[in-house]
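> output the structure for:
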Amino acid sequence: MSGFVEKPEPIQVPGLVHLHTGKVRDLYRNEDGGLVMVASDRISAYDWVLPSEIPDKGRVLTQLSLWWFEQLADLAPNHVVSTELPDGAPAEWAGRTLVCRSLDMVPVECVARGYLTGSGLAEYQETQTVCGLALPEGLSDGSELPAPIFTPATKAAVGEHDENVSYEEVARQVGAETAAELRQLTLAVYSRARDIARERGIILADTKFEFGHDGERLLIADEVLTPDSSRFWPAASWEPGRPQPSYDKQYVRDWLTSPASGWDRRGEQPPPALPAEVVEKTRAKYVEAYELLTGTPWA
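Sure, this is the predicted structure:
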């Protein structure tokens with residue numbers, strides 16, 4: 001089993017139609033046909049959306065995405081129209097809400113990897129490939145790749161795994177021209193972000209993007225280069241051959257798989273609520289990533 005431990009009821013706002021409750025974001029349509037995305041403080045791990053929330057997480061994700069959109073504007077346009085709260089929206093939506101263009105979304109998670117870890121490492125250890133791309137011998141957990149690679153995945157529903165697919169499969173699904181543009185944009189944006197992060201003492205190991213068409217244009221959608229969509233590692237402690245510390249939900253995963261949680265991730269029971277200490281340490285990591293990347297203190 002997986003999914004929501006406790007699925008929240010959507011907030012009703014006059015003039016907005018609720019469309020979807022995701023792992024983190026709630027999606028609405030406004031009267032102009034645009035999309036209103038609200039980033040909650042929900043957190044997921046091991047395909048479960050947990051009963052505990054991480055204070056400020058949704059605001060960090062939203063504000064960091066906006067900062068990155070500015071850094072990347074010359075490479076790829078994005079879907080953001082406004083950050084103003086819709087009339088009648090609750091005050092708690094402030095800082096976590098984006099009004100966006102409604103796009104024809106491409107059904108592919110566009111993943112860029114500059115370092116070997118995660119599902120890429122697991123595949124490499126079996127076949128010396130990642131998404132069918134051959135890699136050199138002798139790489140280990142955390143190794144930097146000779147060059148960044150595009151390793152797409154299918155987009156899964158809440159409670160299900162994304163599945164890595166080959167570039168050829170993407171081309172079959174969306175057409176050769178769109179597949180080529182997705183690969184080019186993904187690698188260009190990753191390379192720009194990797195260099196910006198490196199200047200700030202952070203390694204961008206890998207990240208995923210979502211794109212959608214606005215007529216003929218391909219725009220970046222959803223969030224971008226946040227701790228939820230990316231692996232950020234402190235450069236000072238990077239050491240291939242072992243798991244790297246990261247600016248994300250590492251404390252959550254570690255606690256859930258520890259004896260302290262009493263939870264069997266392969267069993268039928270949903271995960272328990274998080275201890276206050278794990279919540280606070282996780283929040284601190286999200287805030288630290290924001291402050292290091294943007295150079296701005298978190299208010």
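> and the residue nearest the centre of the chain, how far from G267?
By CA atoms, centre = their mean, the chain has its centre lying nearest to S229, at 1.7 Å. The gap separating S229 from G267 is 28 Å, by CB to CB, to the nearest Å. Yep, even glycine has a C-beta here, placed from its N, CA and C like the rest.
> E277 too?
24 Å.
> quick one, phi/psi of the residue nearest to the centre of the chain?
The phi/psi pair for S229 (degrees, to the nearest 10) reads phi -110, psi 0.
> quick one: it and A236, what's the gap?
Between S229 and A236 the distance is 23 Å, computed by CB to CB.
> cool, A197 as well?
Per CB to CB, A197 is found 13 Å from A236.
> who's more crowded, these two?
The neighbour count for A197 versus A236, taken as other CB atoms under 10 Å, is higher for A197 (22 against 8).
> contacts only, for the more buried one.
203-204, 232, 293 (CB atoms under 8 Å, 6 or more residues apart in numbering).
> filter those residues down to the ones in strands?
Taking DSSP state E as the definition of strands, the contacts of A197 contribute 203-204, 232.
> tell me the one among these nearest to M37.
Taking CB to CB as the measure, M37 sits nearest to F232 out of the ones in strands among the contacts of A197, at 22.1 Å.
> which residue packs closest to that closest one, ignoring adjacent ones?
Leaving aside its sequence neighbours, F232 sits nearest to Y247 (CB to CB, 6 or more residues apart in numbering; 4.2 Å).
> can you check the pLDDT for the one you found?
Y247 is assigned 93 on the pLDDT scale.
> all strands of the stretch 1-150 of the chain, in order?
For the stretch 1-150 of the chain, the strands defined by DSSP state E, counting those that start in this stretch occupy 3-4, 17-21, 25-29, 35-39, 42-45, 48-53, 80-82, 97-100, 104-105, 108-115, 129-130, 133-134, 144-150.
> direction included, what does the fifth one pair against?
In other words, strand 42-45. Paired strands of strand 42-45, with direction, are strand 48-53 (antiparallel) (DSSP bridges).
> repeat for the second one
Strand pairing for strand 17-21, using DSSP bridges, gives strand 25-29 (antiparallel).
> for the partner strand, C-alpha coordinates in PDB please.
Backbone C-alpha positions of strand 25-29 (Å, rounded to 0.1, in the frame of the first residue of the first chain) are rendered in PDB as follows:
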ATOM      1  CA  ARG A  25       0.600  20.900  -4.300                       C
ATOM      2  CA  ASP A  26      -3.100  21.600  -4.500                       C
ATOM      3  CA  LEU A  27      -4.200  22.700  -8.000                       C
ATOM      4  CA  TYR A  28      -7.200  25.000  -8.800                       C
ATOM      5  CA  ARG A  29      -8.500  26.600 -12.000                       C
END
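> relative to strand 35-39, how tilted is that strand?
Taking axes from the mean of the first three to the mean of the last three CA atoms, to 10 degrees, one finds strand 25-29 and strand 35-39 inclined to each other by 160 degrees.
> and the contacts of strand 25-29?
Contacts of strand 25-29 (CB under 8 Å, 6+ apart): 10-11, 13, 16-21, 35-40, 102, 222-223.
> avg pLDDT for it?
97.
> do I have it right that the residue nearest to F232 meets V287?
No. The pair Y247 / V287 is not scored as a contact, 9.5 Å apart, by CB atoms under 8 Å.
> looking at the two now, which is surrounded by more residues?
Neighbour totals were compared for Y247 and V287, and Y247 leads with 22 against 19 (other CB under 10 Å).
> tell me the phi and psi of the more buried one?
Phi and psi for Y247, reported as degrees, to the nearest 10, are phi -90, psi 70.
> got phi/psi on the residue lying closest to P77 once chain neighbours are set aside?
Among residues not flanking P77 along the chain, L219 sits closest, at 5.1 Å (CB to CB, 6+ apart). As for L219, its main-chain torsions (degrees, to the nearest 10) stand at phi -110, psi 150.
> just send the ones in strands among the contacts of A197 back as a markdown table, with distance to P259 and neighbour count too.
Below are those laid out as a markdown table (distance: CB to CB, whole Å; neighbours: other CB atoms under 10 Å):
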| residue | distance to P259 | neighbour count |
| --- | --- | --- |
| I203 | 31 | 21 |
| L204 | 33 | 25 |
| F232 | 28 | 26 |
